[in-house]
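Colleague: sequence and predicted structure are below.
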Amino acid sequence: MTDTEACLSVLNPEQRAAVVHEGAPLLILAGAGSGKTRVITTKIAYLIAEKNVAPSSILAVTFTKKAAKEMADRAVALEPRAAGAQIRTFHSFGAWFLRKFAAEAGVDSSFTVYDDDDMATLVVKAVPSLSRQEAARAAHRIALAKDYCLMPDSVRLAEVDSSPDFPRIYAAYEKRLRSTGNVDFGDLIMLPVLVLGSSEQVRVQMHYRFRVIMVDEYQDSNVAQFRLLQLLSGTAGNAPAAYVCVVGDDDQSIYRFRGAEVQNILTFEEHFPGTELIRLERNYRSTARILAAADSIVRNNADRLGKTLRAERGEGGQPVLVFLPTQEDEAAFCADLIWKSHGKGTPFRDWAVLYRTNAQSLDFETEFLHRKIPYTVVGSLKFYEREEIKDVLAFLAFLVNPRDELAFRRIINKPAHGIGEKTQDAVVNFAREKSSQQEVPCSLVQACRDCAGNTARKAGTGLTTFALLAEELAAEIGTAEQVSGTRSSDTAAGKAASEKLSFFVEKVVNRSGLLDYHVSQDEISGTQRAANIQELVNSAVLYPCTRQGLLDFLDTIELDRTMESANDGQVSDAVTLITLHNTKGLEFPKVIITGLENGIFPRQDKTGGDLEEERRLFYVGITRAKDELYITSCSVRRLYGRTEYMQPSQFLMEAGPGVFKVLGTPPAAYMSAAGNRDGMAGASDISDPLAVKWCTGTRIYHDDYGYGQIVHTARRSGEYVITVRFENGNTAQFLPRYQAHSLLIVKD
DNA sequence: CCCGTCGTTATTTTT
DNA sequence: TAACGACGGG
C-alpha cells in the first residue's frame, strides 16, 4: 500500500470522493468538524503523488494566516513536495500578485499596506474639510466598496454609501493613495481583479501557472474575491480552465459586515456550470448533545441550504447554561471551573473562553491574573497598534518606499526637529507637484532636499539631516533595483544575507532617535515603550538583512497583525481567550461561551439578515467544543461605565427544552419564554408573587444602606433570596418573605 | 511647538 | 470607564 492509499483509507466515502474528484468544478459543503482540512490537504497530496500535478501549479487560499499555516503544515506532512504549492491567505496571494505585476497595477513593487487607521488619515489629507470621524467612516465605506469591487465612478456605489459626496471623497482618496505607490487592504484583492480583467497577457500567464485552485471557508468570500477566483480559473487564450474546488459551510458565514457574500456559495453552481456537490455531514469533533444544541440554534435561520450533522463520537455530557449576577461572577465562574478541572489533571490549554467583543476579555484577564491561571488572548491587535511600534514600522516602510506620505508624516518630526504640519504639507505637495510633471515619481527624500532652502532655517536643517539619514539607511538595506525581477532573498545587498535583519532594525531605531524619544516617554509616564521596541527588533531576527528580508518582515506584520508572530515564545499551557469571530477553524475540548445577553450577543439593533448572522456566530462558537460546553449569561453588566440590567439572549429561548442543563436562577424572561420546562430549578418563579414583586432590576430603598437595585435572584432551600447592590458600593442579600418591611420598592 | 487639563465620546466583529 | 481630542498656557 502506498502512502497515498494509506491516507485515503482513513477517509469516509464522501471525503474520499471529494479527494479523488476531478474535472468539473467541485463544491464541498462541509459542516463544522467534518474533516474538511483533512480533505483539502489530502487532496493536495493526492494530486501531487498520484496525478503528477506540479506542486507549484496548485493554489490553495484561506482567510486567516493561521489556517493557511495549518493547511500547509498538514499537506507537507502528507506529501513533502506540497511545500512547493502556493498555500496562502487571499490577501497574501494578492500581495504576491501585485509585487509581480506592480507596473500593470500602477503601484510601487515595494508597496506597504495601509490599515484602516492609515486610510482615515489619508482621507483627511485628500479631503481636508472632513473631520477625523467623518474620514474614518468614509474610509470604512471605501474599504467596503473595494470588497464589492466598486470603483469611484461605479453607478452601484450608492449601494455602499448613498451620500452624494461619497464618490468624490473616494476618488480623491484613490488619487492620493496611488501617488504614494502604496495599497490598502481592499486593493490586495481589487487591483489583481482589475489587472487580470484588463490584461489578456497576465491572465494567460496565470492560467498556465495555476492549474488547480482551492478555496477554504468559501462562505466568507466577498464579491472581489469571487471575481478573482473567476478570473484565475476561467479560460484565456489557449490556456485551459483550471480545476476549481471550493469548501464552505453556509451556516458558518459570519463576515457579511466586511462584504462577505453568502450568495457566493448559494449560487456557486450557477456561476460554475457543471458543478458537482459533495456534502460532508459526519461530525468527528463534538459529542451528540453539543451538536444538538448547535442545531437547535441554527435551525431558526430561514436563509440556509440546510444540512444535518451526524455525531460520530457518541452522546457526551449535556451542555450547561449558567445564569450569573454580574460579569465579575462570570469571570469567577470560569476561573473556578477551569481551576477545578486543572486539579483533576485537565491542562489549561484544553479550555477556551469565547466572547462577542474584544472589550469583554478584560474581566477574564483580571480574574485569571489574580488566580494565577495562565492565559493567552488571541487576536488582540494591541501590539501593532502601539504608537512606538507604528513609528518604527513607518520608518522601515519609508526606507523601502520613500513615496509613503503617511510614514513620512509619522516619523519626520519624531523626535521634534521643528518640522510642523505646514512644513510637511509643503514637502508632500512639492513631491506630488513634481511627480505629476515628470515620468519618474519624486521621492519625499528628494523633496526634503529641494524644500530645505525654502523653509525656516530650523526646519530646513531638520529636513536635510533627515534626508541624509534616510538615504544612508536606505542604501544600506539595498535599492529597489537589487530585487526587481527576483523574489528570493539570495540577492546580494550591501551586507551579507547571513546577517540578521534585527541588526538593521536596531540601527534604524537608534539612528532615527525613535528609541531615545520613547525611552524619554517611558521616563515621563512609566510606560513600556522601549521594551516593546526591543521586542519588535527581536522579532526581526528571523529575517535576512536584505531589502527582500525587510519586505518580507513588513509583509508578515501587515498581513497578520495578531500577536502570535511576534510572540512565539508564549506559555505552552494556557487558557485561550478569544472572540467568537476568531475561533473560525479552531476547536477545543472545553469551551465557555460568555455574555449571552441581548444587546451584547446578539448585539443591539440586529434584525433580519444581521440577526441570522449573529445566530450563525453562536453556532460557530458552539461547534468549536469537542467534549464540554458551558454558556453564561449575566443579569447585570457595566457598559460604557454605566451599570445596565441585561435580559438573557433571545438565542437561549430558541433552544428547545432539555438542550441545556440550567444552573443559577433563570430570569423571568427566560422562564416565561421557555414555558414550563422539565427538570429546571426555579421553574415556578413566574407564578410566585414574591418573584414577581422582587425581580431583577427593581429599585430598592433600605434604611441603613440607602438606594440600590436588585441584581440577582435565587432560590435557596425553598427560600427566595435577592441580592441587592447599593449606591454606596455595598452588596447584600435579603429574604423578601421575612424582611420585606425593611425594603421599600422605589417607584420611578 | 510642547505639554497639561478638561470635556466628550465611544464599543462590534478582521484581512 | 478609559481614551482621545480640543484648547490654552508656557
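Modeller: That came through fine.

Colleague: residue closest to the middle of chain A?
Modeller: Closest to where the C-alpha atoms of chain A average out (C-alpha atoms, centre = their mean) is A:N582, at 6.0 Å.

Colleague: from A:P736, how far off is that one?
Modeller: Per C-beta to C-beta, to the nearest Å, A:N582 is found 43 Å from A:P736. C-beta: built from backbone N, CA, C; applies to glycine.

Colleague: go on, A:G478?
Modeller: For A:G478, the distance to A:P736 - C-beta to C-beta - is 77 Å.

Colleague: more neighbours: which of the two?
Modeller: Shown here are A:G478 and A:P736; by other C-beta atoms under 10 Å, A:G478 has more neighbours (22 against 18).

Colleague: ok, now which ones touch the single nearest residue of the stretch 351-500 of chain A relative to DNA strand B?
Modeller: As assessed by C-beta to the nearest atom of the strand, DNA strand B sits closest to A:G420 within the stretch 351-500 of chain A, at 2.0 Å. The contact partners of A:G420, by C-beta atoms under 8 Å, 6 or more residues apart in numbering, come to A:413, A:459.

Colleague: what about it, distance to A:D117?
Modeller: According to C-beta to C-beta, A:G420 stands 21 Å off from A:D117.

Colleague: hmm, the host helix or strand of A:E330 in reach of DNA strand B?
Modeller: Counting by DSSP states H and E, the element that carries A:E330 is helix A:327-343. No: contact of helix A:327-343 with DNA strand B (C-beta under 7 Å from any atom of the strand) is absent, the minimum separation being 12.4 Å.

Colleague: show me what that helix is in contact with.
Modeller: Against helix A:327-343 from outside (C-beta under 8 Å, 6+ apart): A:322, A:324, A:348, A:350-351, A:353, A:360, A:363-364, A:366-368, A:371, A:373, A:575, A:590, A:592, A:594-595, A:630, A:632, A:634, A:636-638.

Colleague: in what helix or strand does A:V123 lie?
Modeller: helix A:116-126.

Colleague: is that helix in proximity to DNA strand C?
Modeller: No: using C-beta under 7 Å from any atom of the strand, helix A:116-126 stays clear of DNA strand C, coming no nearer than 9.3 Å.

Colleague: same for that helix, what does it pack against?
Modeller: helix A:132-147, helix A:166-180, helix A:405-411 (3 or more C-beta pairs under 8 Å, 6 or more residues apart in numbering; DSSP states H and E).

Colleague: what ranges do the helices span in the stretch 251-400 of chain A?
Modeller: For the stretch 251-400 of chain A, the helices defined by DSSP state H, counting those that start in this stretch cover A:263-266, A:268-271, A:288-298, A:327-343, A:361-371, A:382-385, A:387-400.

Colleague: lowest average pLDDT across those?
Modeller: Lowest mean pLDDT within those: helix A:382-385, at a mean of 70.

Colleague: can you dump the C-alpha atoms of it in PDB for me?
Modeller: Taking Å, rounded to 0.1, in the frame of the first residue of the first chain, the C-alpha atoms of helix A:382-385 are listed here in PDB:
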ATOM      1  CA  LYS A 382      -2.800  45.800  20.600                       C
ATOM      2  CA  PHE A 383       0.900  45.300  19.900                       C
ATOM      3  CA  TYR A 384       1.000  46.600  16.400                       C
ATOM      4  CA  GLU A 385      -1.300  49.400  17.200                       C
END
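
Colleague: any idea how far that helix is from the middle of the chain?
Modeller: Its chain's C-alpha centre and that of helix A:382-385 lie 13 Å apart, by C-alpha atoms, centre = their mean, to the nearest Å.

Colleague: check which residues of that helix are buried.
Modeller: The neighbour-count check on helix A:382-385 (16 or more other C-beta atoms under 10 Å) flags A:383-384 as buried.

Colleague: by contact count, what packs against that helix?
Modeller: Helix A:382-385 sits against helix A:387-400, with contacts defined as 3+ C-beta pairs under 8 Å, 6+ apart.

Colleague: what's the neighbour count on A:G23?
Modeller: Around A:G23 sit 8 other residues, with neighbours defined as other C-beta under 10 Å.

Colleague: wait, it sits on A:Y243?
Modeller: Yes: under the criterion of C-beta atoms under 8 Å, A:G23 makes contact with A:Y243 at 7.4 Å.

Colleague: so which of the helices and strands packed on helix A:116-126 gets nearest A:C695?
Modeller: helix A:132-147 (40.0 Å; C-beta to C-beta).

Colleague: buried residues, that closest one. List them.
Modeller: Residues A:134-147 are the ones in helix A:132-147 that count as buried (16+ other C-beta under 10 Å).

Colleague: reformat the helices and strands packed on helix A:116-126 as a markdown table; add distance to DNA strand C.
Modeller: Listed next are those as a markdown table, based on distance: least, C-beta to the nearest atom of the strand, whole Å:
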| stretch | distance to DNA strand C |
| --- | --- |
| helix A:132-147 | 6 |
| helix A:166-180 | 18 |
| helix A:405-411 | 14 |
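
Colleague: same list (those) but as CSV, adding distance to DNA strand B and mean pLDDT.
Modeller: As requested, the helices and strands packed on helix A:116-126 are exported to CSV (distance: least, C-beta to the nearest atom of the strand, whole Å; pLDDT from 0 to 100):
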stretch, distance to DNA strand B, mean pLDDT
helix A:132-147, 6, 88
helix A:166-180, 15, 91
helix A:405-411, 11, 86
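
Colleague: would JSON lines of the ones you listed with distance to A:F618 be doable?
Modeller: Output for the helices and strands packed on helix A:116-126, formatted as JSON lines (distance: least, C-beta to C-beta, whole Å):
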{"stretch": "helix A:132-147", "distance to A:F618": "24"}
{"stretch": "helix A:166-180", "distance to A:F618": "34"}
{"stretch": "helix A:405-411", "distance to A:F618": "39"}
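
Colleague: contacting residues around A:T713?
Modeller: Going by C-beta under 8 Å, 6+ apart, A:T713 touches A:665, A:667, A:685, A:691, A:694-696, A:720-723.

Colleague: if we go to 10 Å?
Modeller: Contacts for A:T713 (C-beta atoms under 10 Å, 6 or more residues apart in numbering) come out as A:323, A:325, A:635, A:664-668, A:682, A:685, A:690-691, A:694-696, A:698, A:720-723, A:736.
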